[in-house]
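**Q** Prediction below, plus the sequence it came from.
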Amino acid sequence: MAAFSTAISLGACGGGSGDSAADEAAIQLASAQQAAAHEALVAEGKQIFRYDTFGDEAQWTDTLKMHEVIGSAVDPTTALSVGLKVDSGALPTAVVHGIQDGSIDLKSPDTTVALLKLDAVVGLKGQVESINGKDVLTRVGITCALCHSTVDNSFAPGIGKRLDGWANRDLNPGAIIALSPALDSAMKAVFNSWGKGKFDPRHNIDGVSNPVVIPPAFGLDGIHSVTFTGDGSEPAYWNRYVAVAEMGGQGSFTEPRLNLHITNGTQDLVTSKLPALQAYELSLKAPPPPVGSFDAVAALRGKAVFEGAGRCASCHSGAMFTDANAMLHPPADSMAEPEVPSYAARSATKLYRTTPLKGAWQHAPYFHNGSAPTLEDVAATYNTKRALGLTPQDIADLAQYLKSL
Ligand code: HEC
Ligand code: HEC
């Protein structure tokens, strides 16, 4: 209908024959159809990002027995304390009231099971069955949202609306894995050493333990280089790696540069989901800084430092604040190096990508290993290590600018 009336109005505008007006209408229709198809793909990707485990219950249930410990020992208060988040949008009104008036016990593991049954724990997917009249968690898996989503705390700390793509720097994945009854104390000690907001996505491949901070999954559209080390040219590369190698999903991943060939199970529950998952990730924009979170006048001065005496823009160039589409950098260009063992050395490229800076305010601490607690520390570190000769005022202004991106 809309296309028909467009054709009429184009015809009425004159200038072209009826045929070319019809052609234009057809083109408009085709592009509207394309946009609708893309929207559908993004919507599908959102579901995958939030709720798909790729069959990784094989790892989290069959191998690590996480369902046993969650169902018997992890009450919601404990879950929130290790950085798990609750999606208030998934809570029925009665549950909301129950939490508000205290009639729902946040110190009982049964409540955790109830929340999992409602699909309300961000990044955890539970299967709950009624056994002898009691709800029992029989299987559990994880999704991408576990590490790359948080909530807006609008209901209570750790409980609110989902913020997909935001790095969950409260999450302590190591401490969560260490709860597994299937691990010996030496392994538990390794996982417990990682700390909040960090994960080592190569530990189970190379045996080295030196975690990196969980990065955001937003603000990547237009950047053809993913991960701190630019291992892949698009998110799908790394999504496949994580889904198979880290989450334990059913499928395979091959990386000749690391001589890595992994296959889990006999079916592939990953490949067909990657296009939609990637479309969703690329739709996630970096969030603007909260109102009042930086000094705008100082930020303007800081911009001049960034582009001038700080020489930041030579690498953090263009609208995305990165030269990632043109080059990667030797380890020495990372202010977090030298680091033993070097994270770059464990990667496929052995190099670092200049980190895009939009939305940097959201995810302290900074650099791949989190060695700079604040953006002030980032600015001061560059000044010292690169002997920039900035004044304390320049450094403070630069930090305000970084907070404004
Ligand atoms: C256990 C936590 C965890 C889970 C689960 C997880 N990731 Fe990540 N993700 C990380 C860490 C840590 C990195 C940093 C790795 C690096 O850059 O070397 C990362 C990196 C990324 C990046 C690269 C960001 C950039 O700046 O280039 C994207 C995109 C991403 N993850 C998306 C996903 C998707 C999609 C899933 C689900 C298939 C997923 N992640 C599951 C922890 C996780
Ligand atoms: C020679 C290239 C280069 C220059 C010059 C440079 N950077 Fe970087 N920057 C990088 C690389 C590479 C990383 C990733 C380092 C890591 O994670 O270990 C990075 C990381 C960062 C980060 C951390 C982002 C995050 O999310 O962890 C910030 C902030 C930053 N740079 C700001 C600056 C500022 C401010 C300047 C100027 C004083 C500057 N950079 C100059 C290459 C550069």
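**A** Alright, I've got the coordinates. Ligands and ions are numbered 1, 2, ... in the order given.

**Q** how near is Gly249 to Phe54?
**A** Distance from Gly249 to Phe54, counting by Cβ to Cβ, to the nearest Å: 3 Å. Using the backbone N, CA and C atoms, a C-beta is placed for each residue, glycine as well.

**Q** who touches both of those two?
**A** Residues touching both Gly249 and Phe54 by Cβ atoms under 8 Å, 6 or more residues apart in numbering: Ala243, Leu269, Val270.

**Q** just those now: which is nearest Pro92?
**A** Nearest to Pro92 among those is Leu269, at 30.0 Å by Cβ to Cβ.

**Q** give me every residue that touches that closest one.
**A** Contacts of Leu269 by Cβ under 8 Å, 6+ apart are Phe54, Gly55, Gly249, Gln250, Gly251.

**Q** so what's the first one up against?
**A** With contacts taken as Cβ under 8 Å, 6+ apart, Phe54 has the following neighbours: Ala243, Val244, Met247, Gly249, Gln250, Gly251, Leu269, Val270, Lys273.

**Q** Can you check what pLDDT the model gives the fifth one?
**A** For Gln250, the model assigns a pLDDT of 98.

**Q** okay but it is in contact with Asp268, surely?
**A** Yes - at 6.7 Å, Gln250 and Asp268 qualify as touching, with contact defined as Cβ atoms under 8 Å.

**Q** So for those two, which residue has more residues nearby?
**A** A count of neighbours by other Cβ atoms under 10 Å puts Gln250 above the other of Gln250 and Asp268, at 21 against 17.

**Q** Which strand or helix spans the residue of the stretch 51-200 of the chain found nearest ligand 2?
**A** Across the stretch 51-200 of the chain, no residue is closer to ligand 2 than Ala167, which sits at 8.9 Å (Cβ to the nearest ligand atom). For Ala167, there is no enclosing helix or strand under DSSP states H and E.

**Q** quick one: it and Phe199 touch, right?
**A** No - if you go by Cβ under 8 Å, Ala167 and Phe199 don't touch, sitting 10.6 Å apart.

**Q** Mutual contacts of these two, please.
**A** Cys147, Ile214.

**Q** Any residue of stretch 64-78 touching ligand 1?
**A** No - on the criterion Cβ under 6 Å from any ligand atom, stretch 64-78 is out of touch with ligand 1, staying 12.8 Å away.

**Q** Over to stretch 172-186?
**A** Yes - counting by Cβ under 6 Å from any ligand atom, ligand 1 has neighbours in stretch 172-186: Pro173.

**Q** Export that stretch to PDB, keeping only CA atoms.
**A** C-alpha atoms of stretch 172-186 as PDB (Å, rounded to 0.1, in the frame of the first residue of the first chain):
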ATOM      1  CA  ASN A 172      33.300 -12.400  39.300                       C
ATOM      2  CA  PRO A 173      33.300 -15.300  36.800                       C
ATOM      3  CA  GLY A 174      36.300 -16.900  38.500                       C
ATOM      4  CA  ALA A 175      34.600 -17.000  41.900                       C
ATOM      5  CA  ILE A 176      31.400 -18.400  40.300                       C
ATOM      6  CA  ILE A 177      33.300 -21.200  38.500                       C
ATOM      7  CA  ALA A 178      35.200 -21.900  41.700                       C
ATOM      8  CA  LEU A 179      31.900 -22.900  43.300                       C
ATOM      9  CA  SER A 180      31.800 -26.000  41.200                       C
ATOM     10  CA  PRO A 181      32.000 -29.200  43.200                       C
ATOM     11  CA  ALA A 182      33.800 -30.800  40.300                       C
ATOM     12  CA  LEU A 183      37.000 -28.700  40.700                       C
ATOM     13  CA  ASP A 184      39.900 -29.600  43.000                       C
ATOM     14  CA  SER A 185      41.300 -27.000  45.400                       C
ATOM     15  CA  ALA A 186      44.200 -26.000  43.200                       C
END
